[in-house]
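Engineer: next come a sequence and a model predicted from it.
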Amino acid sequence: MFAQLALVLLAAQNAAPAPDAGLPPDWELKPRALKLSEGLERVRPLLERLQPEKWTAAGAPNQYEQQYKDCLNLLTHVQNAAARLAGNPNGLTVAVETLVRLESFINLAQSLSQAVRRYQNPAVADLVESELAAAADREWLRQHVLELAAVRERERETAEQEAQRCRERTLKQAPRR
């Protein structure tokens, strides 16, 4: 009898996970989001020292100047998203936005570093790339987004099952007219 009760309790515990089961607490995530923003802030002075107008004068395509401006703007957007993520670390939308903007920024900055390597100075390109690598800790953010999505999916499924159960109960109890 006791063993059966223990099995029932164990099954019930596994059937309905806690809303944020498996997610680190906000107080662990907030510093990581802030660290991401601070790390990216160290990249900004390096990018601001680049001279795309001199590249185009040396024969580089004019698009590099626009790419440079886009890169600086995207950096600002990533930092803003990271700051919002620090305020709401378990928000799926802001976590995905931060990851997407971060990935876009890194790709654009790496492309820009190739222009730096070719038209300005290979050592500066190496410095930009190393600072990017140090600043943009993407793996924890990727993992966090995956965990958040899984938890939110489980929550949705649980809510859907509960709603279906309530509908069935209501239909059984409703008097026929």
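Structural biologist: Arrived safely.

Engineer: where are the low-confidence patches of the protein?
Structural biologist: Scanning the chain for pLDDT under 70 picks out 1-22, 136, 174-177.

Engineer: the helices in it, which residues?
Structural biologist: 2-15, 26-48, 52-57, 63-87, 92-119, 122-135, 138-173 (DSSP state H).

Engineer: now tabulate those helices in TSV and tack on mean neighbour count.
Structural biologist: Any C-beta I mention is one placed from the backbone N, CA and C, and that applies to glycine too. Shown next, in TSV, are the helices of the chain (neighbours: other C-beta atoms under 10 Å):
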stretch	mean neighbour count
helix 2-15	9
helix 26-48	16
helix 52-57	15
helix 63-87	18
helix 92-119	19
helix 122-135	16
helix 138-173	13
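
Engineer: now do residue 109 against residue 34, distance only.
Structural biologist: Going from residue 109 to residue 34 by C-beta to C-beta, to the nearest Å gives 20 Å.

Engineer: hang on, residue 52 packs against residue 115?
Structural biologist: Yes: look at residue 52 against residue 115 with C-beta atoms under 8 Å: they come within range, at 7.4 Å.

Engineer: which residues do these two both contact?
Structural biologist: 60, 64, 67 (C-beta atoms under 8 Å, 6 or more residues apart in numbering).

Engineer: quick check: phi and psi at the first one.
Structural biologist: According to degrees, to the nearest 10, the main-chain angles of residue 60 amount to phi -70, psi 150.

Engineer: residues contacting it?
Structural biologist: Counting by C-beta under 8 Å, 6+ apart, residue 60 has contacts 52, 115, 118-119.

Engineer: and the furthest pair within the residues you listed?
Structural biologist: Spanning the widest gap among the contacts of residue 60 are 52 and 118, at 11.9 Å by C-beta to C-beta.

Engineer: and the residue nearest to residue 84 when sequence neighbours are not counted, how far from residue 80?
Structural biologist: Distances taken as C-beta to C-beta, 6 or more residues apart in numbering put residue 94 closest to residue 84, at 5.0 Å, once the chain neighbours are dropped. Residue 94 is 10 Å from residue 80, where distance means C-beta to C-beta.

Engineer: what residues are up against residue 48?
Structural biologist: Counting by C-beta under 8 Å, 6+ apart, residue 48 touches residue 72.

Engineer: just give me the neighbour total for residue 49.
Structural biologist: Residue 49 has 12 neighbouring residues, counting by other C-beta atoms under 10 Å.

Engineer: and it, what does it touch?
Structural biologist: Applying C-beta under 8 Å, 6+ apart to residue 49 gives the contacts residue 124.
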